[in-house]
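K.L.:
Model the structure of this input:
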Amino acid sequence: MAFECPHCSERNNEVQFAGQLQPKGCCYTLKVPKGQPEILNRQVVKSDSATIKIPELDFEIPPEAQRGTLSTVEGSIMRAVSELQALQDERKKVDPEKAEAIEQFLVKLRSLGSGEADFTFILDDASGNSFIENPNAPSSDPLLSLRFYERTYEQQAALGFLAEPTKESGDSSQDASTVEGNSGGLQRIPHGSVGAVAGRRAIAQGNSDEITAALYRYSAPEEVDTLPSTCAACATECVTRFFSTKIPYFREVIVMATSCDACGYRNSELKPGGEIPAKGKKTTLIVRNVKDLSRDVIKSDSAAVSVPELELELSSGTLGGIVTTVEGLIVKICEALERVHGFQLGDSTYEWKKKKWDGFTERLAKLLNLEEPWTLILDDALAASFIAPATDSLEDDKQLTIEEYERSWEQNEELGLNDMDTSSADMAYNTTSTS
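P.N.:
Model (predicted):
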């Protein structure tokens, strides 16, 4: 949207999102080396809920500033310089010391905008609708990383979602991990969104019919239990139905389905059963025929996906958790790339970028048409992903290999497992067992 007033010369250019808010927030981190102007020319979409940070200067552009803008890395920095410079004359009259400090800061900020120093450009958006261009798309970019995260209750409320209220007064130690339950009492979430809670997150979410139909091929539930719940859309009391089942060569899973008679909201989740595995799991499938495309796939939120023949790598958190087939997974990846990397598809895009994207889609079509064998790799640090074998015995399926590995310290840190202390629980369990 563009606005210009002919009387006072007020101008405003703003990008407003007509689509939906994304299921998770996103955080882009771009390393900008010194003397590389092409990095500064990368396009940036900043939504009205996004924050830009430059840690080297301890500088932050809040969501209220540069709302809904389509710019570049350099443009975002130089606009911040311009806005800070606008009131410098008044500051020099009122507070010369502060004006001098800001002037020295602007010199440093301009040097970053002109590429004279290394810095980190972070774009954090709780709505998930901001973006930094990846010129290497669909391949990965060594300078750009993307992380998805669960929104806090405060972020949910700021975006207009239904959020459980936090305790507003009283104990100063009360934080977002303490929420008010339906009964009026306070409920403490022990580990926030990491550690034990991370291991209990849903493997996949989606339409309940799709998930249950896929799992019924392995075993039907002996008993479906119910528990009282609250609708996530309208806060009306509803019922959640769940059952547990064991998938051969995988693990025990719990299927949970919620439906609200008041507003029609429906949600289905596939949750892991049992303990957090001690090792991660890497599953590799060589796709050669139509039956391989029809294999069931459970991709958890913690799984990374790669197709070496396409030089395609998706980090954990991308696409979320889904229950699908091999073909369905590749189609969803292609749709997600088209949605996210829109800069490669627009009318103003450079011709070489369009040719690169067209070449990628052609290679992808060849894989789905099985013109040549290709490899699908699921790497899951929580061992919560699965590709169905084509034979009754896993050893007889020569196209499918499963490799367990020790998680790195960084992976355990990301999952919140390094600081998990279970000594008290172990002591209580041992005491109960001996008595």
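K.L.:
residues in contact with stretch 123-135?
P.N.:
Contacts to stretch 123-135, defined as CB atoms under 8 Å, 6 or more residues apart in numbering, come from residues 17, 19, 21-28, 30, 38, 42-47, 49-53, 73, 121, 141, 144, 148, 151, 155, 158-159, 340-343, 353. C-betas here are computed from N, CA, C, even on glycine.
K.L.:
Return the members of these classed as buried.
P.N.:
Among the contacts of stretch 123-135, the ones that count as buried by 16 or more other CB atoms under 10 Å are 21-22, 24-28, 30, 42, 44-47, 49-53, 73, 121, 141, 144, 148, 151, 155, 340-341, 343, 353.
K.L.:
picking up where we left off before, just the ones of the contacts of stretch 123-135 in helices?
P.N.:
Among these, the members falling in helices (DSSP state H) are Glu38, Val73, Gln155, Ala158, Val340, Lys353.
K.L.:
Next up, identify which helix or strand Cys8 is on.
P.N.:
Cys8 is part of no helix or strand when elements are defined by DSSP states H and E.
K.L.:
Look up phi and psi at it.
P.N.:
Here is the backbone geometry of Cys8 (degrees, to the nearest 10): phi -110, psi 0.
K.L.:
So for it, what's the pLDDT?
P.N.:
With respect to pLDDT, Cys8 scores 78.
K.L.:
Lys291 now?
P.N.:
For Lys291, the pLDDT comes out at 92.
K.L.:
Where do the helices of this protein begin and end?
P.N.:
Listed from the start of the chain, the chain has helices (DSSP H) covering 37-40, 73-85, 88-94, 96-113, 153-158, 196-199, 208-216, 290-293, 326-340, 351-368, 409-415, 423-434.
K.L.:
Which of those helices has the lowest mean pLDDT?
P.N.:
helix 196-199 (a mean of 43).
K.L.:
In contact with the residue nearest the centre of the chain, which residues?
P.N.:
Among the residues of the chain, Phe148 comes closest to the average C-alpha position under CA atoms, centre = their mean, at 2.5 Å. Contacts for Phe148 (CB under 8 Å, 6+ apart) come out as Lys24, Gly25, Cys26, Cys27, Gly128, Gly317, Thr318.
K.L.:
Which residue is the nearest non-sequential neighbour of it?
P.N.:
What sits nearest to Phe148 in space, not counting adjacent residues and going by CB to CB, 6 or more residues apart in numbering, is Gly317, at 3.7 Å.
K.L.:
List the residues that contact that neighbour.
P.N.:
With CB under 8 Å, 6+ apart, Gly317 has these contacts: Lys24, Arg147, Phe148, Tyr149, Asp301, Ser302.
K.L.:
I'd like these as CSV, with distance to Asp261 and pLDDT appended.
P.N.:
As requested, these are exported to CSV (distance: CB to CB, whole Å; pLDDT from 0 to 100):
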residue, distance to Asp261, pLDDT
Lys24, 28, 83
Arg147, 37, 87
Phe148, 32, 85
Tyr149, 32, 85
Asp301, 29, 82
Ser302, 33, 85
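K.L.:
and of those, the nearest to Ala336?
P.N.:
Phe148 (12.0 Å; CB to CB).
K.L.:
State the distance from that closest one to Arg363.
P.N.:
Distance, Phe148 to Arg363, by CB to CB, to the nearest Å: 26 Å.
K.L.:
repeat for Leu270
P.N.:
Distance from Leu270 to Arg363, by CB to CB: 31 Å.
K.L.:
coming back round to it: tell me which entries of the buried ones among the contacts of stretch 123-135 lie within strands.
P.N.:
When the buried ones among the contacts of stretch 123-135 are checked against strands (DSSP state E), the matches are 25-28, 30, 44-46, 50-53, 121, 144, 148.
K.L.:
For the residue nearest to the centre of the chain, name its beta-bridge partners.
P.N.:
On the basis of DSSP bridges, Phe148 is bridged to Cys26.
K.L.:
repeat for Lys53
P.N.:
Lys53 has the following beta-bridge partners by DSSP bridges: Glu60, Ile122.
K.L.:
Quick check: closest non-adjacent residue to Val239.
P.N.:
Leaving aside its sequence neighbours, Val239 sits nearest to Thr226 (CB to CB, 6+ apart; 5.2 Å).
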